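> Sequence plus the predicted model coming up.
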Amino acid sequence: MRITEAEIRRVLPYAFAGVSDPAYLPDMRGKVRDIYLRPGRRILVTTDRLSAFDRVLGLVPYKGQVLNQLSAFWFERTRDIIPNHMLACPDPNVMVVRECQALPVEVIVRGYITGVTQTALWYRYSQGERHIYGYTFPEGLRKNQPLPEPIITPTTKGGPTGHDERLTCQEVVERRLVAPAVWEQVQTAAIALFRRGQEMARRGGLILVDTKYEFGLTEDGQLMLIDEIHTPDSSRFWRADTYEARFAAGEEPDNFDKEFVRLWYAERGYRGDGEPPAWDANLAVLASLRYIQVYEMLTGEEFVPAEYPAEPRVINALREL
C-alpha cells in the first residue's frame, strides 16, 4: 500500500540522523552520508539529513533510503557507459563500494539555465554576467530555458571559503586538478551519463534539468563514477507534461527535487550566507513525499518503506561487513 502523508508525519521523530551507538560511529561524516572504512572498500550509510546551500538544514523521513536505492538503480543502468564503485546494497540505507581516490572536482552538467544558488547559471546570468564558467551566453535568455546542448560547469569541492567555487573546464587542467587525459574521459562520460539520464527520466514523465557527478580513480588507475547518480539530491527534475505551459506563462516548473526547499529558503531571503531560517516540519513532510514520488517515477516501481527506527537494522548490516 502506498505510503501516506499521515504515515510520514507519524515517523517524523524517527527520521534517521545517523548511527549514534558509540560502538558503530562512522570513520567520516559527509553532509548526507556516513562513511565506514574497510580494507579496499567503503561502507556508505545514507542518512535522512537534507543538505542545501552547503549545510545540513534538517531531516526528511525516508530520504536516505530513496537516495541509496535510486543510486543503485542508476548505477546498474549506466555500467555500459562507465564503471562505478557500487559492490552491494545489504540494507535500504547501506551501500558497499570499492575504494577510490576521488577527483577534487564536482562535475555539473546542465541542460537548462536555471537555479537560485550563487553558483547557478540563472543566478549569475540574472546578475548581469554573460561569460559564465567559460561559456558566453547571449542576451535575452529566460529563466528555465533549455540550452542548445548540455554543458559542463565544474566546481571545486568546498574551497577555502567552505563553499564550492566555480571553475571552467580549462581551469581544471590548468590548475592541475585533474590530468588532461583523465579530464577528457570525465567529460565524455559525464555527457553520456546525462543524455542517458534525460532519456530515462522522460520515460518516467520527468525532465532531467541538471545534475552533479563525482568521479574517482581506483588503485590501478581506472576511472569510476562514485558517490551517487541522478538522485533528487544531485539532480534537478521537472515534470515534463506541464513544463511548456508553465514556461510560456512565466511560472516556475513543477519540480521534483530539493529545489523547492531552496526556493522556500530563497522566498525568506536566504541564499546561503549567514544563519538559515529554522527547519519546518511541514517542509520535511512535503520533501519526503517528493523524494518518494520521484523515486517511483524514475524506477517505475512502488516505494516500499523500510522499518523505522533505522539505526538497529543499519547496525545489523554493519556487523556483517
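Cool, got the structure. Numbering: from 1, shown residues only.
> How are the helices of the stretch 151-300 of the chain distributed by residue range?
169-174, 180-203, 240-248, 259-267, 281-299 (DSSP state H, counting those that start in this stretch).
> looking at these, which is closest to Arg10?
helix 281-299 (10.3 Å; C-beta to C-beta). (C-beta placed from N, C-alpha, C; glycine too.)
> and that closest one with helix 240-248, angle?
Per axes from the mean of the first three to the mean of the last three C-alpha atoms, to 10 degrees, the angle that helix 281-299 makes with helix 240-248 is 120 degrees.
> Please work out the average pLDDT along helix 281-299.
Averaged over helix 281-299, pLDDT sits at 95.
> returning to that earlier point: I'd like the helices of the stretch 151-300 of the chain as a markdown table, with distance to Arg49 appended.
Shown next, in a markdown table, are the helices of the stretch 151-300 of the chain (distance: least, C-beta to C-beta, whole Å):
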| stretch | distance to Arg49 |
| --- | --- |
| helix 169-174 | 29 |
| helix 180-203 | 24 |
| helix 240-248 | 29 |
| helix 259-267 | 12 |
| helix 281-299 | 11 |
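> So which of the ones you listed is nearest Gln101?
Among the helices of the stretch 151-300 of the chain, helix 180-203 comes nearest to Gln101, with 11.2 Å by C-beta to C-beta.
> what's the offset of the closest one from the middle of its chain?
Helix 180-203 sits 15 Å away from the centroid of its parent chain (C-alpha atoms, centre = their mean, to the nearest Å).
> do stretch 273-287 as well
Averaging C-alpha positions (C-alpha atoms, centre = their mean) puts stretch 273-287 18 Å from its chain's average.
> gap between the closest residue to Phe247 other than its chain neighbours and Val304?
Spatial nearest neighbour of Phe247, excluding adjacent residues (C-beta to C-beta, 6 or more residues apart in numbering): Asn144 at 5.7 Å. Distance, Asn144 to Val304, using C-beta to C-beta, to the nearest Å: 34 Å.
> what about the two, which has more around it?
Higher neighbour count among Asn144 and Val304: Asn144, with 20 against 11, using other C-beta atoms under 10 Å.
> What segments of the stretch 51-200 of the chain are strands?
For the stretch 51-200 of the chain, applying DSSP state E, counting those that start in this stretch gives strands covering 55-59, 86-91, 94-98, 101-102, 105-113, 131-132, 135-136, 145-156.
> returning to what we had before: was I right about the residue nearest to Phe247 contacting Glu252?
Yes. The pair Asn144 and Glu252 passes the contact test of C-beta atoms under 8 Å, sitting 7.3 Å apart.
> Show the contacting residues for Phe194.
Going by C-beta atoms under 8 Å, 6 or more residues apart in numbering, Phe194 touches 109, 111, 150, 208, 211.
> Need those in CSV (columns: neighbour count and pLDDT).
As requested, the contacts of Phe194 are exported to CSV (neighbours: other C-beta atoms under 10 Å; pLDDT from 0 to 100):
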residue, neighbour count, pLDDT
Val109, 24, 97
Gly111, 21, 98
Pro150, 18, 97
Leu208, 27, 97
Thr211, 26, 97
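> List just the nearest of those to Leu25.
So of the contacts of Phe194, ranked by how close each gets to Leu25 (C-beta to C-beta), first place is Thr211, at 31.2 Å.
> tell me which residues form a beta bridge with that closest one?
Val109, Ser235 (DSSP bridges).
> Indicate which one of the helices of the stretch 151-300 of the chain is closest to Leu67.
Between the helices of the stretch 151-300 of the chain, helix 281-299 lies closest to Leu67; by C-beta to C-beta that is 7.8 Å.
> got the CA coordinates for the closest one in CSV?
Output in CSV follows, covering the C-alpha atoms of helix 281-299 (Å, rounded to 0.1, in the frame of the first residue of the first chain):
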residue,chain,number,x,y,z
ALA,A,281,8.1,20.1,9.9
ASN,A,282,5.6,20.7,7.1
LEU,A,283,8.6,21.3,4.7
ALA,A,284,10.0,17.9,5.9
VAL,A,285,6.8,16.1,5.1
LEU,A,286,6.5,17.7,1.6
ALA,A,287,10.1,16.9,0.9
SER,A,288,9.6,13.3,1.8
LEU,A,289,6.6,12.9,-0.4
ARG,A,290,8.5,14.5,-3.3
TYR,A,291,11.5,12.2,-2.8
ILE,A,292,9.3,9.2,-2.8
GLN,A,293,7.4,10.3,-5.8
VAL,A,294,10.5,11.0,-7.9
TYR,A,295,11.8,7.5,-6.9
GLU,A,296,8.6,5.9,-8.2
MET,A,297,8.5,8.0,-11.4
LEU,A,298,12.1,7.2,-12.3
THR,A,299,12.1,3.5,-11.4
